[in-house]
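1. 3D, please:
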Amino acid sequence: MFNLDALEMMRTVEIDRIVAYFPPGARVLEIGAGTGQQAAAISRRGFSIEAIELPSSRYGAVRDFPITDYDGRHIPFPDASFDVVFSSNVLEHVPDLAQLNAEIRRVLKPDGLCIHVMPTHGWRFWTTLTSLPACLQYVLAPPKSALPQDADAARPSSRFQQLRRHFGRHGAHGNVAAELWLFHPARWRQVFKAYGYEIVADRPIGIFYTGNTIFGKTVPIAWRERLARFLGSACHIYVVKPARRPD
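-> I've put the predicted structure just below:
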């Protein structure tokens, strides 16, 4: 039901589309870095990057880039440290967005940008719709996971926990039905404006996939791009900056 290799394939393509918004020579902070795969990809493209993550992250044992643990509330860097603050599929999991946004603004340089990627309402819809076949696939042939905590996935009790997680909400708020609105770009535009940001650009990433990565890596990116035209993009990119206060 969860294929880390397939997810990283999608994230790699996303990075190619995201770095176009990075100013040349930018110093970048990634919040919620997971395995560090995206931070490593950004570093390979010539940017200086720091990555932070919760110590309780499920990816803690499979990190492939230097990551600093933090408490989820206080970013462990000085004021005005970064040209870009980047996150990928993170903000929807944050219980206290006001606190995190205050910290982001603190560490962001005055002319800095925030670049956030979030799942869409389309991702939520198709993930829910494909949950049953994905669960059947999982029950009949549990995948081998790269994550140590999923190594006992074949045990019935572990399978039951995985199935419960799969049908539950994805983010920190609401429920599965509410996420059809909570993940909608129109709602995120409202959120960014409410926290004092000006939207510089926002657009679909342009790749279709679901949260259960049901077909793994068997569907190539070119096909996922075609599917996104009809079924919707799994993720949306938001480029924002702190709004200027009126004099």
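2. what about stretch 82-100, average pLDDT?
-> Mean pLDDT, computed over stretch 82-100, is 95.
3. buried ones in it?
-> Using 16 or more other CB atoms under 10 Å as the test for burial, stretch 82-100 gives 82-92, 94, 97, 100. Glycine gets a C-beta too; all of them are placed from N, C-alpha and C.
4. Which two among those are spaced furthest apart?
-> Spanning the widest gap among those are D83 and E92, at 24.3 Å by CB to CB.
5. Are we agreed that A102 is in a strand?
-> No: according to DSSP: H, G, I helix; E, B strand; the rest coil, A102 belongs to no strand; its state is helix.
6. Okay, now the sheet partners of the lengthiest strand in the chain, with direction.
-> The longest strand of the chain (DSSP state E) is strand 108-119. Partners of strand 108-119 in the sheet, by DSSP bridges, are strand 82-88 (parallel), strand 235-242 (antiparallel).
7. May I see the ones you listed organised as CSV, with distance to D111 added?
-> Listed next are the strands paired with strand 108-119 as CSV, based on distance: least, CB to CB, whole Å:
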stretch, distance to D111
strand 82-88, 8
strand 235-242, 8
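8. closest to Y21 out of those?
-> Ranked by CB to CB, the member of the strands paired with strand 108-119 that lies closest to Y21 is strand 235-242, at 5.2 Å.
9. and that closest one, average pLDDT?
-> 96.
10. Residues touching it, excluding its own?
-> For strand 235-242, the surrounding residues in contact (CB atoms under 8 Å, 6 or more residues apart in numbering) are 14, 17-18, 21, 88-89, 105, 108, 110-120, 123, 185, 188-189, 192, 196-205, 207.
11. Quick check: buried residues in that strand?
-> For strand 235-242, by 16+ other CB under 10 Å, it's 235-242.
12. In the protein, where's the longest helix?
-> Counting by DSSP state H, the longest helix found in the chain is helix 4-18.
13. following it, which helix or strand shows up next?
-> Counting by DSSP states H and E, the next helix or strand C-terminal to helix 4-18 is strand 27-31.
14. same question for that following strand, mean pLDDT?
-> The average pLDDT within strand 27-31 is 98.
15. Could I get the contacting residues of the spatially most central residue of the chain?
-> In the chain, the centroid-proximal residue (CA atoms, centre = their mean) is N89; its distance is 1.6 Å. Shown in contact with N89 (CB under 8 Å, 6+ apart): 32, 117-119, 235.
16. go again using 10 Å as the cut-off
-> When contacts are counted by CB atoms under 10 Å, 6 or more residues apart in numbering, N89 touches 7, 11, 14, 32, 34, 116-119, 123, 170-171, 211, 234-235.
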